[in-house]
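[1] next input, structure requested:
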Amino acid sequence: PAMQYVSTRGSAPTLDFGDVLLTGLAADGGLYVPDHWPRLPRLAPEASYAEVATAVMAPFVAGSLEAAELATLVEDAYATFSHPAVVPLVDLGDDHHLMELFWGPTLAFKDVALQLVGRLFDHELGRRHQRLTIVGATSGDTGSAAIEACRDRDPLDVFILFPDGRVSDFQRRQMTTVRADNIHTIAVEGTFDDCQDLVKAMFADEAFRTERSLGAVNSINWARVMAQIVYYVWAWLQVGQGGPVSFCVPTGNFGNLFAGEAARRMGLDVDQFIVASNRNAILTQFFTTGAMTIGPVSPTLSPAMDIQVSSNLERLLFELLGRDGIQVAELMARFRGEGHVEIPAEQFAPLGERWSAAAIDDERTVATIAELAARTGMVVDPHTAVALAAAHDLRSSRSPLVTLATAHPAKFADAVAAAGVVPPEPPDSLSDLLQRPEQYVTLPNDLAAVQDYVRSMAE
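    Predicted coordinates:
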């Protein structure tokens, strides 16, 4: 039977996978989730990453995509990864494993989902003979991963907004040096949250959204989360020995962690989720107290987590509140209006058993990079270091622990160098990145200015 999707705010129309893929944000401002969680398929431990991915995602695309079509797109997407395992696990000792999610073309975990999503867009739009204008906000990695996945695909025009001066040189250049007619990068005079608000405002402008056929690549798009569920199942197959596994995840927008929770709801045996944040600790606050208060964003060495509004948390709230969309809508309106929200204790209680959270500062991040390099010779990026520090502090069960490594250390050479560690060279494909000419436009944090630019370029 075809999988149907519902909005977390309860009043947008129910859609199938093809429509959800192209819609992104729901019309009521909510995020789409499947109307039920399918059970995980039985999988052989020796299955390849692509085989696991096809089996885990098949129920989510049912009714929109044939199994054979999905398998072809999946094979094609993961053939772009430079490691034979696609997502290798490295043993750190003490039954602690690092899952390396950065072997895709832009060296970040976003590639795992976006290489597939780009192909899904191409396939679905081709079938419908339609075009789509992708608008996305990035704190550094989503932008380049989306650009790489969508470049030179005829039915797509792509506009990526990033905070001016708040992404690393390497990250900016990964976006601004791509030469493709359908790719446009915009430096916004503001923070990542400003960029995200501009994207949401473009979606909320019904006339503009329809006129330009807007689509989303950030993790409000269900297809991104769907593709991320796979590596939790993959990790369990590699190290679980049939019993439970724990996960530690560095997180900003919560999409990565929600994918783990989705896998658990599908039947994956998870002991513990460790939420690793930096100084922008709104998620740590939530998982510790059940309340959230928006504060100002502090720049850190792990910029992908410099966020105060984690859009995917809404998907978790929907589950915690018994899938009551009206209650979620009221909660989110209050959060936006007052900058503070609290979950009733009895609905928050189930989290306490399985979830724990830490906020790791820059000093500790750098110390963690240095300590790991000294002990093992391995070099990790600052986001991964935040997770390793949190894992060290909060691991509470004896089950195998998998920490997610979300970016290649070459992307954050400055933070690595700050730890007194020599940053590794980027792979050959990116060795001349810093010499390539850049092309981007700088715009004020102003909705009309951004919309005018999108109109002028998409003509």
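
[2] drop to CA atoms for contacts and neighbour counts, all remaining ones
    OK.

[3] which stretches of the stretch 301-450 of the chain form helices?
    313-320, 325-338, 345-354, 362-376, 382-394, 413-418, 447-458 (DSSP state H, counting those that start in this stretch).

[4] any idea of the angle the longest one forms with helix 382-394?
    With axes from the mean of the first three to the mean of the last three C-alpha atoms, to 10 degrees defining the directions, helix 362-376 sits at 90 degrees from helix 382-394.

[5] surely F258 and R224 touch.
    No - applying C-alpha atoms under 8 Å, one finds F258 not in contact with R224, separated by 10.9 Å.

[6] helices along the stretch 101-250 of the chain, start to end?
    Using DSSP H, counting those that start in this stretch, the helices of the stretch 101-250 of the chain run over residues 110-128, 141-150, 169-176, 192-204, 206-212, 222-239.

[7] list the helices and strands the second one packs on?
    Pointing back at helix 141-150 there. Counting contacts by 3 or more C-alpha pairs under 8 Å, 6 or more residues apart in numbering; DSSP states H and E, helix 141-150 packs against helix 110-128, strand 156-163, helix 169-176.

[8] of these, which stretch is the most buried?
    Of all those, strand 156-163 carries the top mean neighbour count, a mean of 26, counting by mean count of other C-alpha atoms under 10 Å.

[9] list the pairing partners of that strand within its sheet, with orientation.
    strand 132-137 (parallel), strand 183-189 (parallel) (DSSP bridges).

[10] between the ones you listed, which one is closest to M202.
    strand 132-137 (8.4 Å; C-alpha to C-alpha).

[11] can you give me how far the closest one is from the chain middle?
    15 Å (C-alpha atoms, centre = their mean, to the nearest Å).

[12] on that earlier part again, for L430, which of the helices of the stretch 301-450 of the chain is the nearest?
    Per C-alpha to C-alpha, nearest to L430 of those: helix 413-418, 13.7 Å.

[13] what's the burial count for the nearest residue to T368 once chain neighbours are set aside?
    Nearest in space to T368, with sequence neighbours left out and distances taken as C-alpha to C-alpha, 6 or more residues apart in numbering, is A385 at 5.8 Å. Other residues lying near A385 total 30 when counted by other C-alpha atoms under 10 Å.

[14] can you pull the contacts of A385?
    Under the criterion of C-alpha atoms under 8 Å, 6 or more residues apart in numbering, the neighbours of A385 are T365, V366, T368, I369.

[15] got a pLDDT number for it?
    A385 is assigned a predicted lDDT (pLDDT) of 98.

[16] what does the one 3 residues further on give?
    The predicted structure scores L388 at 98 on the pLDDT scale.

[17] what about it, distance to D141?
    L388 sits 20 Å away from D141, going by C-alpha to C-alpha, to the nearest Å.

[18] picking up where we left off before, please identify which of the helices of the stretch 301-450 of the chain is closest to L40.
    That would be helix 313-320 among the helices of the stretch 301-450 of the chain, by C-alpha to C-alpha, at 18.3 Å.

[19] what helices and strands are in contact with the closest one?
    With contacts defined as 3+ C-alpha pairs under 8 Å, 6+ apart, the packing partners of helix 313-320 are helix 255-265, helix 325-338.

[20] I'd like the mean pLDDT over the longest one, please.
    Along helix 325-338, the predicted local confidence has a mean pLDDT of 94.

[21] same question, the first one
    The average of the pLDDT scores along helix 255-265 is 96.

[22] using PDB, list the CA coordinates for that helix.
    The C-alpha trace of helix 255-265 is given here as PDB (Å, rounded to 0.1, in the frame of the first residue of the first chain):
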ATOM      1  CA  GLY A 255      17.500  16.100  11.700                       C
ATOM      2  CA  ASN A 256      20.300  13.600  12.200                       C
ATOM      3  CA  LEU A 257      19.100  12.600  15.700                       C
ATOM      4  CA  PHE A 258      15.500  12.400  14.700                       C
ATOM      5  CA  ALA A 259      16.500   9.900  12.000                       C
ATOM      6  CA  GLY A 260      17.900   7.800  14.800                       C
ATOM      7  CA  GLU A 261      14.700   8.100  16.800                       C
ATOM      8  CA  ALA A 262      12.700   7.100  13.600                       C
ATOM      9  CA  ALA A 263      14.900   4.000  13.300                       C
ATOM     10  CA  ARG A 264      14.100   3.200  17.000                       C
ATOM     11  CA  ARG A 265      10.400   3.600  16.400                       C
END
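
[23] export the helix or strand just after that helix as CSV, just CAs?
    On the C-terminal side of helix 255-265, the nearest following helix or strand under DSSP states H and E is strand 270-277. Output of strand 270-277 as CSV, limited to C-alpha atoms (Å, rounded to 0.1, in the frame of the first residue of the first chain):
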residue,chain,number,x,y,z
VAL,A,270,18.7,1.5,20.9
ASP,A,271,19.8,1.8,24.6
GLN,A,272,20.9,5.4,24.7
PHE,A,273,20.9,8.6,22.6
ILE,A,274,23.5,11.1,23.6
VAL,A,275,22.8,14.6,22.3
ALA,A,276,26.0,16.6,21.8
SER,A,277,25.8,20.4,21.5
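
[24] any chance you could list what contacts strand 270-277?
    244-252, 257, 264, 283-284, 305, 354-360, 386-387, 390-391, 394-397, 399.

[25] can you rerun that using 6 Å?
    244-251, 354-359, 387, 390 (C-alpha atoms under 6 Å, 6 or more residues apart in numbering).

[26] ok so, going back, export the helices of the stretch 101-250 of the chain to CSV and append columns for distance to D95 and mean pLDDT.
    What follows is the helices of the stretch 101-250 of the chain, written out as CSV (distance: least, C-alpha to C-alpha, whole Å; pLDDT from 0 to 100):
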stretch, distance to D95, mean pLDDT
helix 110-128, 25, 96
helix 141-150, 29, 93
helix 169-176, 33, 93
helix 192-204, 36, 91
helix 206-212, 49, 93
helix 222-239, 9, 97
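
[27] mind putting those helices in JSON lines, distance to A44 included?
    Shown next, in JSON lines, are those (distance: least, C-alpha to C-alpha, whole Å):
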{"stretch": "helix 110-128", "distance to A44": "21"}
{"stretch": "helix 141-150", "distance to A44": "29"}
{"stretch": "helix 169-176", "distance to A44": "37"}
{"stretch": "helix 192-204", "distance to A44": "40"}
{"stretch": "helix 206-212", "distance to A44": "44"}
{"stretch": "helix 222-239", "distance to A44": "8"}
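
[28] L301: which of the ones you listed is closest?
    Between the helices of the stretch 101-250 of the chain, helix 169-176 lies closest to L301; by C-alpha to C-alpha that is 13.1 Å.

[29] and the angle from the closest one to strand 183-189?
    Using the same axes, to 10 degrees: helix 169-176 against strand 183-189 is 130 degrees.

[30] and helix 169-176, how far out from the chain middle?
    The answer for helix 169-176 is 18 Å, by C-alpha atoms, centre = their mean.
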